Structure formats: C-alpha cells, structure tokens
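Colleague: Pasting the sequence and the predicted coordinates here, then a few questions.
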Amino acid sequence: MTVTTEDPKAGGARRLGAFAGSLLPLPAGPPAPRGRTATGYVLAFLGALGFLLLFPAGRARLDHLWAEDGARFLVDAVTRPAWSNLVEPYGGYLHALPRLVAEPVALLPLEWAAAGFAVSAAVLRVAVALITFAASGAYLRWVPLRFALAALVVVLPAGNSEPVNNMTNLHWFLLYGMFWALLWRNAPRVPVALFVFLAALSSPLGLLLAPVALLRLALPRKEVPIAFLVGALAQGVVMLFAERTPYSHDAVDPVQVALASVLRVPVVAFTGSEQVARIYPGQGNLPVLAALVAAAVPIAAGLWWGDRAGRLVASLGAAFSAIVIVVSLSANWAAVLQVQQPDVVMAGQRYSIAPCLFLFTAMAVGLAAVPARRWLFLAVVAARSVIAFVVLVSVSQHLRDPEVVLTGVPWGDSVARARAQCAGGGPVGRLDHEPATWFFELPCRYL
C-alpha cells in the first residue's frame, strides 16, 4: 500500500485558488457566437460614441477646449519633448493617458485640438462602458441590467457638466473601468493589461483597487493584475515624492464632508448634479432620506440573496463609493464644497462620477436577485422599475438642461485671435478656453 502526502504549500495554493475562484468566477454557460458578439460590440460602440459627440453638451466640446486639456496637456505636447511629458507629474500624480492623447493631437492643425481631445475622451469613455458590460457577465446574469450599468457610464447625469468629452476628468471613469477589468477573468489579455497599466498611471486613486488585483493573482491569467500593480506602484511612488498645490488651505470639516458625501452620491445618483439645488435645502432632508433608502435596500438585498461573488461585488461597490467620495472631498476640501453653498454640489461635481458608478454597481447585485418567494420577486421587479424610471427622468432632464452646454469662446475663434496677436507683432498668442478665465500662451512660432 502506497501512501502519498500532499505538499502543504501546493495544497494551500490550491485552496486559495478555489476560494478566489468562488469570489471572481468565470461567466456561466457557453460563450455567445463570436461573430454576433463582435457585431453587437461594434454597434454599441458606434451608438455610444455618436451619443457622446452629438448630444448638445457633447457637440459643444468639439469646439471648446476644457481646462488642463489646453493649459497643461496641449501646451506641453506642443512645446516640450514627448518623453519628458509622459513622466512629468501634474497636480501631484502622473497623467499617462491624457499626455499620450495630447501628443498626436499636437500634430494636428491647432484649430482641431478641441475636437481631437473630445473624440479621444469619448472613445475611451465608451471603452470603459464596453468593459463594464463584458466583465459584469460573470456577476450579473440578467443582460438588461448589465446593459443599463454599462449605459450609465455614457449617460450618467452625475457631474456631467465638467467631465463630458475631456481628458482632464477622464480618470474618474478610468477608475471604474479598472475595477471591472480586474474582475474580468477571461478578458483579452494584452489590450486589457495595457488598459489597466495606462489607467493606473493616470489615476491618483487606482491604488484603492490593489486588494482586488492581489486576489486576482491567486488565479490563472495573471497579466492584467500584474500590469495594474506595476502601474499603480509607479503612480504611488510618484505621488509620494511629487509636489501638489492644494486647491485651498481651508480646514477639512468632517461633518461637512459627510453631508456633502451624502448629497453628492446617493442624491446625485438619482437626480443628477444640476437638479440637487432645486430640491435641497428647499424640500428639507426628505430627498436625502429617500435616496439613502433607495440605494440601501437593493444593496442589502444583494448581500442577502446574492451568491459569494455577488456579495463581493456589492460590498466592494458600496465600500469604494464611500471611500472615493470621502477621500476626494477631504483631499480637495474648500469652503465652496460646503452644502450650504448656493449651487450645493455644482462646484467640484466631478467628484460624484466614480462614487455614483460604484453605488449603482452595488445596487445592481440586489436588483439582479431572484428571491424564491413570489412576493419578494415582485418587490425586486417593482424596485427595478422605480429606479429605472427615476434615473431615466434624471438623464432626460440633464440632456435638456442648457446650463451643461459650453457657450464660451469657441476654440477656432481663440486660435484666430492668437494668430492675429502674432501678426500684430506680439511674441506670443493668448489662447482662451473653457472654463471661463482659463487661458495659456504659445510662442508665435507654434501658431
């Protein structure tokens, strides 16, 4: 009789792999036909890209340059070597993707720069939406809910006045894209690894996802988590030593941060940023309480009825939603972010983007649940309908809000004025762009 003993290390690794596999599963069932899948993704990509570029706020971005897209990324790409730009931190962290996009945009005629940045940002945002749909298949079995979650990346009315079609604020979407990319076990290795690497080198908050990446290392196909960890580690080292100029020197008020977080995530998630001032503080705390309940009930349902993987996604979504908004507000705190300000959440509205997407992710697990009891199942269906109706109304109001459309100096006119200044004998041309009061100067030889 032969007795074999298992290597304790091998046995431990196998058990860890089995545990990680139960938390991060592969999609159930056979894959869809490749041709049909590819066609669906191409059509979805073109439809989402067309929406972002053609709806009123998006169309305006084709001739309006936003913030650091011009005053930092474009001017650096035009006047400095590419390699030095890619490794140069700004605001205390690296911006790999915005600077990579700026390099080819700088080779275009200067009048096309706004369109170049807008199209590039829209393409990358749609890519995040497609990653969300593909990766969520292992965790959310109901396809319409996966479609809705991916669509929110494109139509989310939270903070959309600031981040529409610009590279400056794309990192909020990249953070959410990295989350799903790390959960996507059967992702195409090379493109997704490249995505998470560059995204980690563009986001100051990517390190928050390190626990998910470490869990992925216990499973096969380690290219994606390794690429992420390398990028996140490099970003972390830069952030440790880079100089960052704070927005203000106002002391952080924990109570105000908590109040602002509640308004900027659950309330904004259901109403959109522009609508908050219409209901708060005019209608008191009732909208706040309603938003908290509407978010908490599906999350609790997901934690109760979800499988192990679903519970992980619900827990991570809720945790990251809270952590990202609190960290973002605390790190950038200024008196203008206080809830008693006239526009409530319009200042720094970009801080709502990733937290709202994470919140909807946590809610989606509960909305995908199918309880055994009929009355509970009907309650889930009713919750789906109510939440879908509220979000659709919010999206519709956002699309019809004229305040989200940029109306400042068109970029083409700004370039023409700068060239006129050079033609008049000036050494530099001043290029005004959005938001109001932003500008940069280029030596006339670049104009």
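Modeller: Sure thing, it's come through. Numbering: from 1, shown residues only.
Colleague: Can you tell me the closest non-neighbouring residue to residue 204?
Modeller: Spatial nearest neighbour of residue 204, excluding adjacent residues (Cβ to Cβ, 6 or more residues apart in numbering): residue 93 at 4.2 Å. Any C-beta I mention is one placed from the backbone N, CA and C, and that applies to glycine too.
Colleague: ok, the one you found touching residue 234?
Modeller: No. Applying Cβ atoms under 8 Å as the test, residue 93 and residue 234 come out as separate, 10.5 Å apart.
Colleague: And residue 213, how close does it get to residue 201?
Modeller: 14 Å (Cβ to Cβ, to the nearest Å).
Colleague: so what secondary structure elements neighbour the helix or strand hosting residue 356?
Modeller: Element membership of residue 356 [criterion: DSSP states H and E] is helix 353-367. Where contact means 3 or more Cβ pairs under 8 Å, 6 or more residues apart in numbering; DSSP states H and E, helix 353-367 is packed against helix 143-155, helix 171-183, helix 268-271, helix 286-305, helix 308-331, helix 374-399.
Colleague: So which bits of the fifth one are buried?
Modeller: Judged by neighbour count (16 or more other Cβ atoms under 10 Å), helix 308-331 contains these buried residues: 309-318, 320-322, 324-329.
Colleague: With residue 232 as the reference, measure out to the residue nearest to residue 204.
Modeller: Counting by Cβ to Cβ, the gap from residue 93 to residue 232 is 11 Å.
Colleague: In this structure, what residue spans correspond to strands?
Modeller: 428-433, 438-443 (DSSP state E).
Colleague: just checking, what packs against the last one?
Modeller: Helices and strands touching strand 438-443, by 3+ Cβ pairs under 8 Å, 6+ apart, are helix 75-79, strand 428-433.
Colleague: Note down every partner strand of that strand and its orientation.
Modeller: strand 428-433 (antiparallel) (DSSP bridges).
Colleague: which residues are in contact with the partner strand?
Modeller: 64-67, 69-71, 114, 408-409, 411, 414-415, 417-419, 421-422, 438-444, 447 (Cβ atoms under 8 Å, 6 or more residues apart in numbering).
Colleague: do the same with stretch 262-274
Modeller: With Cβ under 8 Å, 6+ apart, stretch 262-274 has contacts from 157-161, 276, 279-280, 287-288, 291-292, 294-295, 321-322, 325, 329, 339, 344-346, 349, 351-352, 355-356, 359-360, 387, 390-391, 394-395, 397-398, 401, 403-404.
Colleague: chain center to stretch 53-69, what's the gap?
Modeller: Offset of stretch 53-69 from its chain centre (Cα atoms, centre = their mean, to the nearest Å): 18 Å.
Colleague: How about residues contacting it?
Modeller: So stretch 53-69 is contacted by 51-52, 74, 90, 98, 102, 113-115, 117-119, 122, 160-161, 164-168, 399, 402, 404-408, 410-412, 414, 433-435, 438 (Cβ under 8 Å, 6+ apart).
Colleague: now do the same end-to-end measure for that stretch.
Modeller: One end of stretch 53-69 sits 17 Å from the other (Cα to Cα, to the nearest Å).
Colleague: hey, which of the strands of the chain is tucked in deepest?
Modeller: strand 428-433 (a mean of 20; mean count of other Cβ atoms under 10 Å).
Colleague: Quick check: mean pLDDT of stretch 262-269?
Modeller: Mean per-residue pLDDT for stretch 262-269: 93.
Colleague: returning to what we had before: make CSV out of the strands of the chain and add mean pLDDT and distance to residue 179.
Modeller: As requested, these are exported to CSV (pLDDT from 0 to 100; distance: least, Cβ to Cβ, whole Å):
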stretch, mean pLDDT, distance to residue 179
strand 428-433, 94, 32
strand 438-443, 94, 31
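Colleague: what would the ones you listed look like in TSV with distance to residue 84?
Modeller: Shown next, in TSV, are the strands of the chain (distance: least, Cβ to Cβ, whole Å):
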stretch	distance to residue 84
strand 428-433	21
strand 438-443	18
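Colleague: And the residue nearest to residue 213 when sequence neighbours are not counted, what's its pLDDT?
Modeller: Nearest residue to residue 213 in three dimensions, chain neighbours excluded: residue 225, at 4.1 Å (Cβ to Cβ, 6+ apart). What the model reports for residue 225 is a pLDDT of 97.
Colleague: Wait, residue 225 touches residue 211, no?
Modeller: No. Look at residue 225 against residue 211 with Cβ under 8 Å: they stay out of range, at 10.8 Å.
Colleague: Just want to know which of the two has more residues nearby.
Modeller: Using other Cβ atoms under 10 Å as the criterion, residue 225 and residue 211 rank with residue 225 on top: 23 against 12.
Colleague: what sits against that one?
Modeller: Residue 225 neighbours (Cβ under 8 Å, 6+ apart): 182, 212-214, 216-217.
Colleague: same thing with residue 86?
Modeller: Residue 86 touches 96, 99-100, counting by Cβ under 8 Å, 6+ apart.
Colleague: 6 Å - rerun?
Modeller: Shown here is residue 86, whose contacts under the criterion Cβ atoms under 6 Å, 6 or more residues apart in numbering are residue 99.
Colleague: how close does it sit to residue 117?
Modeller: From residue 86 to residue 117 the distance is 17 Å (Cβ to Cβ).
Colleague: what does residue 297 give?
Modeller: The value you get for residue 297 to residue 117, if Cβ to Cβ is used, is 40 Å.
Colleague: How about residue 429?
Modeller: Residue 429 is 19 Å from residue 117, by Cβ to Cβ.
Colleague: ditto for residue 218
Modeller: The value you get for residue 218 to residue 117, if Cβ to Cβ is used, is 39 Å.
Colleague: Those two: which has the busier surroundings?
Modeller: Neighbours per residue (other Cβ under 10 Å) separate residue 218 from residue 117, with residue 117 holding more: 28 against 19.
Colleague: What pLDDT is listed against the spatially closest residue to that one that is not a sequence neighbour?
Modeller: Sequence neighbours aside, residue 69 is the residue nearest to residue 117 in space, at 4.7 Å (criterion: Cβ to Cβ, 6+ apart). Note on residue 69: pLDDT of 95.
Colleague: what's the neighbour count on residue 69?
Modeller: 32.
Colleague: gap between it and residue 404?
Modeller: 17 Å.
Colleague: go on, residue 262?
Modeller: Taken as Cβ to Cβ, the span from residue 262 to residue 404 is 23 Å.
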